[in-house]
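**Student:** structure here, sequence nowhere to be found:
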């Protein structure tokens, strides 16, 4: 009650306070234009300014309209006439979230009035002011705690008109009555069964009878402390797991159905390192025993979108030259025309011998005169079915294959042969391509059936579209898809409007980490790197081991041209030197390529004297694609269609890559990338299909961001971001039709 009386006393003493200000009457007005300010009492706010201009009739005024960004306007007040300023304030459109940190460094004048409700969208956000500032609020649904704390820290004066409203007076009086002190700290976590969030799983502390059930998203919160043992059970899935509480950070519990797992006993098993074995043409042998060098690449070195076996090996093994197609000499190119030892003979065949699963293939003949040459096309070999490729040179080749191996030997071992596939355990013909001819009539792409997009597309102008959006917004405050649809409409037309639109998700979903991840991707897509940094800071505060947040914050700093900060953060992430020792091994390939590319692009602006030499050699690709998504364990499919209308799919589902998804959940990352190299000229089609369950309006949908680098590693390198969202089961969208030269 004492606090309320103090506010009344202050308001009565307002006029004398104004008169005590410095002789410099110039004023800065910070006017909050976020969507939560739409219910402000405009007359009360304007009455404060009326007194300001009665006292200082001639002055310069700086107006900062702030939400997620700041717009500056300037006015000259003569003889107390502030009509122009007043009209502008009366016609403000309130939309988007609030980021107070963006005001830093923009306030010019000594007399400052900040009109805001204190409804900050980011928990770590701060408002820095000088000691002669006023905080003014007339919105009934204000954040009183933030306003009071800001006034205290900045030694500013708070004018909270809403404190006098009956409902707020009553709320203040009952504030302490409803508070229950916590006896033990709460540990939060998520339970996954078969990598899917498990609802209604029972969570207890061993030795304590109280139990808690996980919610629909598998989340739980339970009073616990370090040293307790957590017991998680699910009757539905017939599984139980016990594990110690080692820290009070967010805990992910992974369980398999129909399995009892007790993790209290830790067994340490020491294994002798298995010696590396290589295929020599005879058999698998220990590498140390054979006496010569053998070069091998494995399936993990072959990109999912590799077109041919030749592309799979090209540039990966020194001394191997794979020719391209040559219409004049009738050579098909590819792995069928490979030079390993060099073309030193005029009359002898110098192409390498290709052996698939121990069977020599019919080889090209490059001996004799031009008209006698033959070149066999081996593009029928399916790169996705290759388990390993070994290149034998010199003695290694001729020992096993005699004179046939004088030009070198390429040994291809297929996955089919490794597994003994085929009926009856007999190998099948693994060299034939699978049935992957792209038919556009199969799996129709989703049409624009969104009511939001239909309404916006019918607009006559950009302002008309924005007015339509504003009319629809109040009816869709909890509909996340509405704001994503509106963002997709405006992002290529007006990035500032698009930023306001997507920031509404911050205003109304401040603690939903999946939504924060969506907003982070949206900001970076429109080049709003300052707010992308703020949002990723917020994600890290909520989830300190989120690999993507550290990675995206660093890249946003690159967008701000803070190249050294970006480099330092990327290297720290790569080496595990972040504050929480984040495990970034799941995105190591992407991380290393970004570091190398940053140094390649901005070496003259960086201090690289102590940089590891492994970061100094940039790679080159015709196209590099980096995919990122917001929600762990979401199921979807990426489809790449090459110029020959052959498609390759990467399926991100629990049934296809269960171990990978579990690793994503454990180490908190959501990134995959692909690259095109070799002869990839022509039109590529990149599609995505959502394989999860239909999302309702207030659930965060799957949001997929694709960053497309063309001529990666070359001086003419370019980058484009594509952002799409999915909420319907089996919804399929085209991400990009890409023309590669």
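**Tutor:** Arrived safely, thanks for sending. Please read these numbers as outputs of a predicted model, since none were measured by experiment.
**Student:** just give me the neighbour total for residue 542.
**Tutor:** Look at residue 542: counted by other CB atoms under 10 Å, it has 15 neighbours. C-beta: built from backbone N, CA, C; applies to glycine.
**Student:** so who does the nearest residue to it once chain neighbours are set aside touch?
**Tutor:** Excluding its sequence neighbours, the residue lying closest to residue 542 (CB to CB, 6 or more residues apart in numbering) is residue 513, at 5.3 Å. Going by CB atoms under 8 Å, 6 or more residues apart in numbering, residue 513 touches 539, 542, 543, 546.
**Student:** which one of those residues sits closest to residue 641?
**Tutor:** Nearest to residue 641 among the contacts of residue 513: residue 546, at 32.7 Å, using CB to CB.
**Student:** what's the spacing between the spatially closest residue to that closest one that is not a sequence neighbour and residue 617?
**Tutor:** Excluding its sequence neighbours, the residue lying closest to residue 546 (CB to CB, 6+ apart) is residue 668, at 5.1 Å. As judged by CB to CB, to the nearest Å, residue 668 and residue 617 stand 29 Å apart.
**Student:** for these two, indicate the residue with more neighbours.
**Tutor:** Counted by other CB under 10 Å, residue 668 and residue 617 do not tie: residue 668 has more neighbours, with 20 against 10.
**Student:** which residues touch that one?
**Tutor:** By CB under 8 Å, 6+ apart, the residues touching residue 668 are 543, 545, 546, 547, 548, 582, 632.
**Student:** shouldn't the fourth one be in contact with residue 582?
**Tutor:** Yes: with contact defined as CB atoms under 8 Å, residue 547 reaches residue 582; the gap is 5.7 Å.
**Student:** shared neighbours, the two?
**Tutor:** Jointly contacting residue 547 and residue 582 under the rule CB under 8 Å, 6+ apart are 573, 668.
**Student:** the nearest residue to residue 112 once chain neighbours are set aside and residue 126, how far apart?
**Tutor:** Of all residues not flanking residue 112 in the chain, residue 133 sits nearest, at 4.0 Å (CB to CB, 6+ apart). Taking CB to CB as the measure, residue 133 falls 14 Å from residue 126.
**Student:** quick one: which of these two has more around it?
**Tutor:** Counted by other CB under 10 Å, residue 133 and residue 126 do not tie: residue 133 has more neighbours, with 24 against 15.
**Student:** read off the pLDDT value for that one.
**Tutor:** pLDDT for residue 133: 93.
**Student:** separation between it and residue 646?
**Tutor:** Distance of residue 133 to residue 646, given as CB to CB: 65 Å.
**Student:** against residue 583, how distant is the residue nearest to residue 546?
**Tutor:** 8 Å.
**Student:** anything in contact with each of the two?
**Tutor:** Taking CB under 8 Å, 6+ apart as the contact rule, residue 668 and residue 583 both touch 545, 547.
**Student:** flag the shaky bits of the stretch 101-250 of the chain, pLDDT-wise.
**Tutor:** Applying pLDDT under 70 to the stretch 101-250 of the chain flags the ranges 164-184.
**Student:** show me where it has its helices.
**Tutor:** 144-154, 166-173 (DSSP state H, counting those that start in this stretch).
**Student:** and the contacts of the first one?
**Tutor:** Outside of helix 144-154, the residues within contact range by CB under 8 Å, 6+ apart are 116-120, 126-131, 133, 135, 137, 156-158, 160, 162-163, 168.
**Student:** try 10 Å this time
**Tutor:** 3, 100, 112, 114, 116-120, 125-137, 143, 156-160, 162-163, 168, 171-172, 175 (CB atoms under 10 Å, 6 or more residues apart in numbering).
**Student:** so which of the residues you listed sit within strands?
**Tutor:** Among those, the residues falling in strands (DSSP state E) are 112, 114, 133, 134, 135, 136, 137, 157, 158, 159, 160.
**Student:** those residues: which two are farthest apart?
**Tutor:** Among the ones in strands among the contacts of helix 144-154, 112 and 160 lie farthest apart (CB to CB), at 16.8 Å.
**Student:** okay, domains of the chain per the record?
**Tutor:** Residue ranges for the domains of the chain, per automatic domain parsing: 2-173, 186-262, 277-425, 620-741.
**Student:** so for residue 596, which of the ones you listed sits nearest?
**Tutor:** Residue 596 lies closest to domain 620-741 among these, at 8.2 Å (CB to CB).
**Student:** between the two ends of the closest one, how far is it?
**Tutor:** Start-to-end span of domain 620-741 (CA to CA, to the nearest Å) is 15 Å.
**Student:** again with stretch 392-406
**Tutor:** End-to-end distance of stretch 392-406 (CA to CA): 10 Å.
**Student:** mean confidence (pLDDT) on it, please.
**Tutor:** Stretch 392-406 comes out with an average pLDDT of 67.
**Student:** equivalent analysis for stretch 70-77, please.
**Tutor:** Computed over stretch 70-77, the mean pLDDT rounds to 96.
**Student:** and what of stretch 85-100?
**Tutor:** 95.
**Student:** on that earlier part again, residues contacting the residue nearest to residue 112?
**Tutor:** For residue 133, the contact set (CB under 10 Å, 6+ apart) comprises 28, 30, 107, 110-114, 127, 150-151, 154-158.
**Student:** and the nearest residue to residue 252 once chain neighbours are set aside, how far from residue 701?
**Tutor:** Take residue 252 and drop its neighbours on the chain: the residue closest to it by CB to CB, 6+ apart is residue 190, 5.5 Å away. Using CB to CB, residue 190 is found at 19 Å from residue 701.
**Student:** comparing these two, which shows the higher neighbour count?
**Tutor:** Between residue 190 and residue 701, residue 701 has the larger neighbour count (other CB under 10 Å), namely 25 against 20.
**Student:** wait, isn't residue 702 in contact with residue 635?
**Tutor:** Yes: in this structure, residue 702 is within contact of residue 635 by CB atoms under 10 Å, at 8.6 Å.
**Student:** name the residues contacting each of the two.
**Tutor:** Jointly contacting residue 702 and residue 635 under the rule CB under 10 Å, 6+ apart are 690, 691, 692.
**Student:** any idea of the mean pLDDT in stretch 607-624?
**Tutor:** Per-region confidence: stretch 607-624 scores 90 on mean pLDDT.
**Student:** correction: the previous question concerned stretch 677-692.
**Tutor:** Per-region confidence: stretch 677-692 scores 88 on mean pLDDT.
**Student:** span of that stretch from start to end?
**Tutor:** 32 Å.
**Student:** go on, stretch 478-496?
**Tutor:** 22 Å.
**Student:** how close does the residue nearest to residue 252 get to residue 521?
**Tutor:** Per CB to CB, residue 190 is found 22 Å from residue 521.
**Student:** pull the contacting residues for the residue lying closest to residue 216 once chain neighbours are set aside.
**Tutor:** Using CB to CB, 6+ apart and skipping the chain neighbours, the partner closest in space to residue 216 is residue 199 (4.9 Å). Neighbour list for residue 199: 191, 193, 213, 214, 215, 216, 217, 218, 219, 234, 236 [criterion: CB under 10 Å, 6+ apart].
**Student:** before we move on, what about residue 616?
**Tutor:** So residue 616 contacts 595, 596, 599, 600, 603, 608 (CB under 10 Å, 6+ apart).
**Student:** repeat for residue 306
**Tutor:** Taking CB under 10 Å, 6+ apart, one finds 312-314, 382-384, 386, 642, 648, 674-678, 680 in contact with residue 306.
**Student:** do the same with residue 195
**Tutor:** Going by CB under 10 Å, 6+ apart, residue 195 touches 254-256, 632-633, 635, 653-655, 657-665.
**Student:** rerun at 6 Å
**Tutor:** Contacts for residue 195 (CB atoms under 6 Å, 6 or more residues apart in numbering) come out as 633, 654, 661, 662.
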